[in-house]
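# A predicted structure for the sequence below; I have some questions about it.
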Amino acid sequence: MAQVVLQDIVKSYGSLYAVNHVSLTVDDGEFVALVGPSGCGKTTTLNLVAGLLPMTDGDIVIGDRIVTDLDPKDRDIAMVFQNYALYPNKTVYKNLAFPLQMRKLPKDEIDQKVRAAAKVLDIVPLLERRPRELSGGQQQRVALGRALVRDPRVFLMDEPLSNLDAKLRVQMRTEIKRFHQDLNATIIYVTHDQLEAVTMADKMAVMNKGFLQQYDTPKNVFDNPVNTFVASFIGSPAMSLVPLEVVQRGDQAVLTNEAGWELPLSAMNTRKALKATTNKVVLGARHSTIKLHKSETVGAVPARVYTVEPTGDITFVQAFVGEAVVIVSLDPTVIVRPDEDVWLEFDQERMHLFDGETTMALSAA
Ligand SMILES: Nc1ncnc2c1ncn2[C@@H]1O[C@H](COP(=O)(O)OP(=O)(O)O)[C@@H](O)[C@H]1O
Ligand SMILES: [Mg+2]
């Protein structure tokens, strides 16, 4: 397998930048997810790596070769798409063997590669069937097998699980992860589903509007989102974001809103808040870091319950703080009702503060 380097790559269609100066390195054997909302440039990025689109600017390096000017077939990559594009009239065996026959490999070598791939993917008993005799998950495994027999230096996958039902998607998620572990494969995996990215990838590249927003391990992206976009995109339910104003009271900063309450900040959060370019900051908090009180509590801010959603183990409460909706998770034994007045206490150690103007995370350093 091989390392893949995207060097300042650009793809524009007239004035629209589908991919806007993206640089990142996928290490040999790494599983990287390109994740972001529909239209953010994921597929375009993947197709540029594959060589399926001419690039406006930048370079792509696979292993020790600059492949920018090479045809897809000379890049040593294998692609797996959302629709598996299996040959309907060929058996699974022939579907797997076909790309190798095209490369004119000897028959016994083809047979050996097909059987090895079938074994890895646990489809040996299916080799004589045709695609229509297979379930969606089995078809997806054959599509993976067809990529695998080619012995590529990199696997490129574009939403390969999107056509499967929810249960099968979760199962195939595990199988692709296993596939990656067993083969030590370099994989670039496109998905709009942040949960897929978080659960499968070694690193995730979060994109928005053609720009790379953050490239790091799922844990680091989750714990330290660089801006409000990443904060609200990664994690489910999403991190709550409350636009507020910061006011200095002596050495301490306090957050306020138009309702007139004041939330004093810790020393660390004071340092962060005072770094904002204006007096506008955005308080970010994940549901599990917020305590809901049913009576007025020092250090907690007033809110009004909007909806209550029991899910079994956890009840999610959406409450308004001013105009912003805040999601809090509660033990199901706690009873709250819509329109009830409550007080929310944000964990100062785990809250996030973002610049209200630039949307970037504020740091104390
Ligand atoms: N051939 C094209 N001509 C013009 N715009 C395109 C073309 N292909 C993609 N785009 C635009 O580029 C952006 C990125 O598209 P795409 O990479 O397919 O997004 P994603 O895979 O993240 O959903 C979108 O705004 C899309 O409309
Ligand atoms: Mg796409």
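Great, that's in hand. Ligands and ions are numbered 1, 2, ... in the order given.

# enumerate every residue touching residue 303.
319, 320, 321, 326, 341, 342, 343, 344 (CB atoms under 8 Å, 6 or more residues apart in numbering). Every residue, glycine included, has its C-beta placed from N, CA and C.

# of the residues you listed, closest to residue 166?
Relative to residue 166, the closest of those is residue 326; by CB to CB it sits at 27.7 Å.

# ok, is stretch 16-27 in contact with ligand 1 or not?
Yes: shown here: stretch 16-27 in contact with ligand 1 (CB under 6 Å from any ligand atom) through 16, 18.

# average pLDDT across that stretch?
The pLDDT scores in stretch 16-27 average 98.

# now do the buried residues in it.
Neighbour counts using 16 or more other CB atoms under 10 Å place 17, 18, 19, 20, 22, 24, 26 of stretch 16-27 among the buried residues.

# show me the contacts for the last one.
When contacts are counted by CB under 8 Å, 6+ apart, residue 26 touches 3, 4, 5, 32, 154, 186, 188, 203.

# could you do residue 249 as well?
By CB under 8 Å, 6+ apart, the neighbours of residue 249 are 262, 264.

# so residue 99: helix, strand or coil?
With DSSP: H, G, I helix; E, B strand; the rest coil as the basis, residue 99 sits in helix.

# what's the neighbour count on it?
16 (other CB atoms under 10 Å).

# close to ligand 1: what parts of the stretch 1-150 of the chain are there?
13, 16, 18, 36, 38, 39, 40, 41, 42, 43, 44.

# just the residues you listed: which are in strands?
Under the assignment DSSP state E, these contribute 13, 16, 18 to strands.

# could you pull out the helices for the stretch 151-300 of the chain?
166-183, 194-200, 218-223, 228-233, 267-273 (DSSP state H, counting those that start in this stretch).

# mean pLDDT, distance to residue 93 and mean neighbour count added to those, as a markdown table?
Below are the helices of the stretch 151-300 of the chain laid out as a markdown table (pLDDT from 0 to 100; distance: least, CB to CB, whole Å; neighbours: other CB atoms under 10 Å):
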| stretch | mean pLDDT | distance to residue 93 | mean neighbour count |
| --- | --- | --- | --- |
| helix 166-183 | 88 | 20 | 15 |
| helix 194-200 | 94 | 29 | 20 |
| helix 218-223 | 96 | 37 | 16 |
| helix 228-233 | 97 | 42 | 22 |
| helix 267-273 | 97 | 60 | 19 |
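
# sorry, back to before: counting neighbours, which of the residues of the stretch 1-150 of the chain next to ligand 1 comes out on top?
Going by other CB under 10 Å, residue 36 tops those with 28 neighbours.
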